[in-house]
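**Student:** model this:
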Amino acid sequence: MARMRLLPVKLPKTVMQAKASARHSGTGSAREQGPGARGWSGRGGGMARLVPSVTEYRGTTVQVCGLWPFSSGASSPMIGVPLGRHEETQSTVCCDPISWFQRARLISNPSAFILGKPGLGKSTLVRRMFLGLSAQGVHPLVLGDLKGEHIKAVRALGGQVISLGRGVGYLNILDPGQSVEAAHLLEAQGHHAAAARVRADAHGRRLNMVVSLITISRNSPPTDQEQTILDRALCVLDDTFDGIPVLKDLLDVIIAAPAELRQVALDRGDKSVYLQETRALEATLLGLTGGGKLGEIFSRQTTNPMRRDRAVVFDVSSIDETETDLQAAVLLACWSYGFGTVNVANALADAGLEPRRNYFVVLDELWRALRSGKGMVDRVDALTRLNRSVGVGQIMISHTMSDLLALPAEEDRMKARGFVERSGMVICGGLPASEMPLLTSAIPLSRQEQQKLISWQDPPAWDSRGLDVEPPGRGKFLIKVGGRPGIPVQIGLTSIEQGGGLNDTNTKWHEPAETLMNPAAPGLPPEGGTL
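**Tutor:** Sure thing, here's the model as predicted:
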């Protein structure tokens with residue numbers, strides 16, 4: 001595609017000479033000196049108060065090739081999910097991390113990071129990406145939907161909705177998922193090394209999740225000796241337990257004090273030393289198996305096992321916003337469970353037992369998990385670092401850089417900033433001016449780009465009539481890849497997205513409660529009154 005500008009017509013040489021002569025002699029009137037930058041000045045001159053922008057026309061290179069050099073190529077890429085229009089050139093902008101990595105070769109790893117204030121359309125942008133990728137055969141995995149924003153879209157795709165919460169659904173963090181079945185299938189086909197890797201990955205993920213839950217419960221990570229005891233206890237549990245264990249079974253193994261655990265606890269034949277070393281660990285696990293601030297969500301068998309052949313969303317919207325520790329624990333559990341399922345799918349595909357599947361993983365509200373306790377940055381970093389090697393595209397979402405850097409330890413802040421720096425692309429919505437120094441320390445932004453992001457976070461115009469006035473930055477994003485100039489895009493919604501309610505995140509506000517301003521129903525007395 002190409003665009004061209006209509007340039008102003010130059011004045012003849014004789015007119016220019018007359019203007020120069022009149023200015024040199026100083027005898028010519030203002031009218032005789034010729035027009036200025038805005039036209040003819042003086043009475044009746046028609047001087048323009050506002051200079052209009054140059055008209056632009058768009059056409060294919062075949063149609064406007066003869067207009068060179070007054071045409072320039074459109075800079076927006078045309079590979080990927082169509083998002084909307086370029087804010088300046090109105091050309092179509094197509095973008096998603098998987099297409100830009102796999103087909104366009106524009107980024108080095110299939111990942112993206114979205115930053116923006118609430119209410120400006122981050123969820124709408126993510127939905128547009130995974131709806132478009134699902135049409136290309138990529139399965140979206142929303143690993144933790146805190147607000148229930150993506151449930152309708154996943155159901156429309158025929159996907160699976162897994163609900164988690166107090167009394168709603170349970171997720172057993174000791175459940176190896178489909179790893180055991182996949183390992184048996186691989187061994188039956190002679191792929192013993194692949195089966196061993198699947199079992200080792202399942203063991204490592206279960207251990208990391210137990211350590212993560214203990215970290216959130218204590219607000220500090222367990223000691224090295226406690227982690228060694230947990231690792232050996234999981235091995236003993238796998239060798240002796242028949243079926244799928246839960247956290248209560250792990251606690252029973254530690255209380256039973258088998259010889260393998262006493263050996264790593266270094267009790268040297270004195271059981272009182274072992275009891276002293278495991279006392280705090282038993283107390284923490286007892287709180288995780290029932291009651292406590294993390295409840296019992298992780299203490300029972302998984303109610304709805306995850307499938308790997310379709311879109312999946314983990315609905316955790318039933319967890320209250322005030323239970324930040326529980327939200328962070330559930331998010332980490334969903335992420336670990338989801339990546340474990342992806343590894344199983346890749347192992348079976350490498351062995352030729354299943355078709356190759358690619359996944360698009362959505363990690364929303366990243367800041368909640370990072371703030372839940374010391375050491376959680378390392379847990380998230382381990383989950384998200386190897387996305388390119390396992391055939392997974394991922395997108396991480398947060399509000400501001402301040403959310404990522406509001407961590408007590410300096411090393412955690414550096415690692416959290418690395419999430420943004422390592423992303424293949426960074427997509428920014430409206431952000432306050434105070435965020436610009438932090439953001440420019442991670443990605444380069446010109447002064448014009450910074451001003452654009454600041455202007456997008458302004459509130460809408462005051463309107464006392466109650467009309468639906470959108471903020472100026474809703475649906476507007478700046479796509480940044482390295483040091484290249486950013487691509488400003490306005491997200492355009494289709495009729496299905498607008499009318500189907502897929503992007504409606506304010507459903508609980510559609511029917512306002514009855515107030516004193518609403519007229520009473522006919523035939524009914526007002527409250528406390530009589531007819």
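**Student:** quick one: the strands in the stretch 101-250 of the chain?
**Tutor:** Along the stretch 101-250 of the chain, the stretches classed as strands by DSSP state E, counting those that start in this stretch are 111-115, 139-145, 160-163.
**Student:** what of the chain?
**Tutor:** 2-5, 56-59, 71-73, 82-86, 92-94, 111-115, 139-145, 160-163, 312-315, 359-363, 392-398, 425-428, 476-480, 487-491 (DSSP state E).
**Student:** least reliable of the ones you listed going by mean pLDDT?
**Tutor:** In terms of average pLDDT, strand 2-5 trails the rest of the strands of the chain, at a mean of 49.
**Student:** to Val198, which of the strands of the stretch 101-250 of the chain lies closest?
**Tutor:** strand 139-145 (18.8 Å; Cβ to Cβ). Any C-beta I mention is one placed from the backbone N, CA and C, and that applies to glycine too.
**Student:** now the closest one: buried residues?
**Tutor:** By 16 or more other Cβ atoms under 10 Å, the buried positions in strand 139-145 come out as 139-145.
**Student:** so which of the residues you listed would you say is closest to Val392?
**Tutor:** Nearest to Val392 among the buried residues of strand 139-145, with distances taken as Cβ to Cβ, is Leu141, at 8.5 Å.
**Student:** what sits against the closest one?
**Tutor:** Contact partners of Leu141, counting by Cβ atoms under 8 Å, 6 or more residues apart in numbering, are 311-313, 338, 342, 359-362.
**Student:** and for Thr341?
**Tutor:** 177-178, 306, 308.
**Student:** go with 6 Å
**Tutor:** 177, 306, 308 (Cβ atoms under 6 Å, 6 or more residues apart in numbering).
**Student:** again with Lys480
**Tutor:** 426, 443, 486 are the contacts of Lys480 under Cβ under 6 Å, 6+ apart.
**Student:** the same query, at a cut-off of 7 Å, please.
**Tutor:** 425-426, 428, 443, 486 (Cβ atoms under 7 Å, 6 or more residues apart in numbering).
**Student:** what's across from it in the sheet?
**Tutor:** Beta-bridge partners of Lys480, counted by DSSP bridges, are Val426.
**Student:** one step back: of the contacts of Lys480, select the buried ones using a ChimeraX command.
**Tutor:** Selecting only the buried entries of the contacts of Lys480 in ChimeraX, with 16+ other Cβ under 10 Å as the criterion:
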select :425,426,428,443,486
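**Student:** adding distance to Arg166, write the contacts of Lys480 out as CSV.
**Tutor:** Shown next, in CSV, are these (distance: Cβ to Cβ, whole Å):
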residue, distance to Arg166
Met425, 37
Val426, 36
Cys428, 36
Ile443, 40
Gly486, 43
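**Student:** among the contacts of Leu141, who's most crowded?
**Tutor:** Val313 (28 neighbours; other Cβ atoms under 10 Å).
**Student:** is it true that that one touches Lys152?
**Tutor:** No. Taking contacts as Cβ atoms under 7 Å, Val313 lies outside contact range of Lys152: 9.7 Å.
**Student:** mind listing what's buried along stretch 336-356?
**Tutor:** Result for stretch 336-356 [16+ other Cβ under 10 Å]: buried residues 336-348, 351, 354.
**Student:** for the stretch 251-400 of the chain, what spans make up the helices?
**Tutor:** Assigned by DSSP state H, counting those that start in this stretch, the helices in the stretch 251-400 of the chain fall at 259-264, 271-289, 324-350, 366-370, 376-384.
**Student:** looking at those helices, which one has the lowest mean pLDDT?
**Tutor:** helix 376-384 (a mean of 68).
**Student:** hang on, the earlier thing: now distance to Arg43 too, for the contacts of Leu141, in CSV please.
**Tutor:** As requested, the contacts of Leu141 are arranged in CSV below (distance: Cβ to Cβ, whole Å):
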residue, distance to Arg43
Ala311, 70
Val312, 74
Val313, 70
Gly338, 74
Val342, 76
Tyr359, 72
Phe360, 66
Val361, 69
Val362, 65
